[in-house]
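Asker: next one to model:
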Amino acid sequence: MANDQVSIVQEPGPNEMRDPVMRAELRRATVWFGLAIAAALIVLLIQPLLLIFAGLVVASMLDGGTRLIRRYLPIPRGLALLIVVLLVIAFIGGVFYLTGVEIAAQAEQLRETLEAQAVRLSGWLSELGVMPGAADLKGLAQQALGSVGRVTSFIGGAIGAIGSFFLVMVIGLFVAMEPRIYERGLQWMVPMQSRDQFAITLARMARTMRILLAGRLAGMVFEGALTWMLLSIAGVPMALLLGILTGILAFIPNIGAFVSGVLMVSVGFSAGPNEGLWAIAIYFGVQTFDGYVLLPLVARHTVDMPPALTVSSQILMSTLFGFLGLALADPLVAMIKVALERKSEQAAEAGLGPEPDTAPPPKTVRSRRAKAKPAT
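Answerer: Below you'll find the model as predicted:
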């Protein structure tokens with residue numbers, strides 16, 4: 001009788017954790033829930049994340065200078081980094097010591113000049129009937145020049161940005177001192193089988209960032225110095241401040257050049273028609289040389305991004321995250337492009353991508369079908 005007993009195995013219910021379907025659905029829901037939490041955290045912590053990315057940009061600049069010194073001087077990396085930091089501090093301190101008072105005075109004069117020029121332009125448009133009424137042209141000019149006022153306030157030294165600037169410098173210095181530690185830390189965050197490919201991607205990102213920023217710094221120094229000298233020769237007032245503004249805004253392609261051109265032309269015409277025409281000629285001359293000679297040389301050795309992509313990313317980042325997003329839009333898009341290109345290379349190496357060279361041409365396929373047809 002005991003041998004006739006049949007053991008009955010009960011299948012798990014659909015609401016039990018030991019059900020395979022239930023476990024699969026739970027894993028899928030966990031993945032989507034984790035993605036939603038990650039997206040929410042990114043939205044909430046976007047400003048600190050941008051500050052960290054700005055620190056990485058500074059670290060790339062310091063690392064590039066360190067590598068440049070060690071290419072010609074066989075000295076330890078720490079000593080080369082110390083030389084770069086001291087040179088940067090000496091340059092910034094020297095500029096503010098020699099021209100700080102003059103820059104502050106010229107910044108106030110620039111604001112008053114731009115406001116007066118905007119009032120004159122608004123009055124002229126009102127006389128032509130383009131603008132309805134001119135009851136409060138000064139207030140309208142102040143609203144229109146709000147962004148310019150923020151730029152000049154930033155150049156003069158906004159107290160609210162000192163803390164963020166200090167944090168960015170500290171992060172950049174620490175990362176530049178021991179970049180390998182942070183690279184290994186990032187590699188530990190990916191699965192073991194993907195660490196080698198991730199290391200290659202990080203190396204390409206770092207090299208692209210160094211070359212991109214080196215080109216930007218060269219363009220900033222060139223545009224700022226050349227604009228200052230030419231404006232001084234042409235007799236345009238506030239040439240030093242306009243040169244510094246042009247150099248700083250050169251870090252932001254396209255939009256920065258437009259803003260510096262508006263400032264330059266406005267100040268030029270405030271001094272007279274001849275100075276205004278000279279300012280227009282200098283602006284277009286410098287931008288033409290920079291756009292057709294300097295930038296192509298830099299783009300040949302780094303990420304060559306289409307202008308429409310650059311402008312679109314700047315508009316999107318500035319709208320979402322303000323001035324910091326605008327300044328970091330170009331490096332961020334460059335890093336994303338490098339990552340996508342590396343992903344495409346990995347797919348091609350794994351045989352997942354299209355390989356048009358291995359596919360037979362259409363004529364060969366038709367000829368095979370033609371030969372096989374009589375045989376049937």
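Asker: where does the stretch 151-300 of the chain dip in pLDDT?
Answerer: Within the stretch 151-300 of the chain, the ranges that satisfy pLDDT under 70 run 151-161, 292, 295-300.
Asker: list the contacts of Ala176.
Answerer: When contacts are counted by Cβ atoms under 8 Å, 6 or more residues apart in numbering, Ala176 touches Val58, Ala59, Leu62, Asp63, Thr66, Leu81. Quick note: C-beta positions are derived from backbone N, CA and C, even for glycine.
Asker: what sits closest to it if chain neighbours are left out?
Answerer: Among residues not flanking Ala176 along the chain, Leu62 sits closest, at 3.9 Å (Cβ to Cβ, 6 or more residues apart in numbering).
Asker: so which elements touch the one helix or strand the one you found maps to?
Answerer: Taking DSSP states H and E as the definition, Leu62 sits inside helix 46-72. Secondary-structure packing of helix 46-72 (3 or more Cβ pairs under 8 Å, 6 or more residues apart in numbering; DSSP states H and E): helix 77-128, helix 162-177, helix 195-234, helix 307-349.
Asker: next, the angle from that helix to helix 195-234.
Answerer: Taking axes from the mean of the first three to the mean of the last three Cα atoms, to 10 degrees, helix 46-72 and helix 195-234 form an angle of 80 degrees between their directions.
Asker: would you mark the buried spots in helix 46-72?
Answerer: Buried residues in helix 46-72, counted by 16 or more other Cβ atoms under 10 Å: 50-51, 53-66, 69-70.
Asker: if we can go back for a sec, ok, the contacts of Ala176 vs Gly34, which is closest?
Answerer: Nearest to Gly34 among those: Ala59, at 29.5 Å, using Cβ to Cβ.
Asker: distance of the closest one from Phe269?
Answerer: From Ala59 over to Phe269 the distance is 42 Å, taken as Cβ to Cβ, to the nearest Å.
Asker: what about the stretch 1-150 of the chain, any weak spots by pLDDT?
Answerer: Using pLDDT under 70, the stretch 1-150 of the chain drops low at 1-19, 95, 97-112, 114, 117, 125-150.
Asker: out of everything not next to it in sequence, what's closest to Ala234?
Answerer: Excluding its sequence neighbours, the residue lying closest to Ala234 (Cβ to Cβ, 6+ apart) is Trp278, at 3.8 Å.
Asker: where does the one you found fall, secondary structure wise?
Answerer: Using DSSP H and E, Trp278 falls within helix 273-289.
Asker: now for that helix, which elements pack on it?
Answerer: Secondary-structure packing of helix 273-289 (3+ Cβ pairs under 8 Å, 6+ apart): helix 195-234, helix 255-271.
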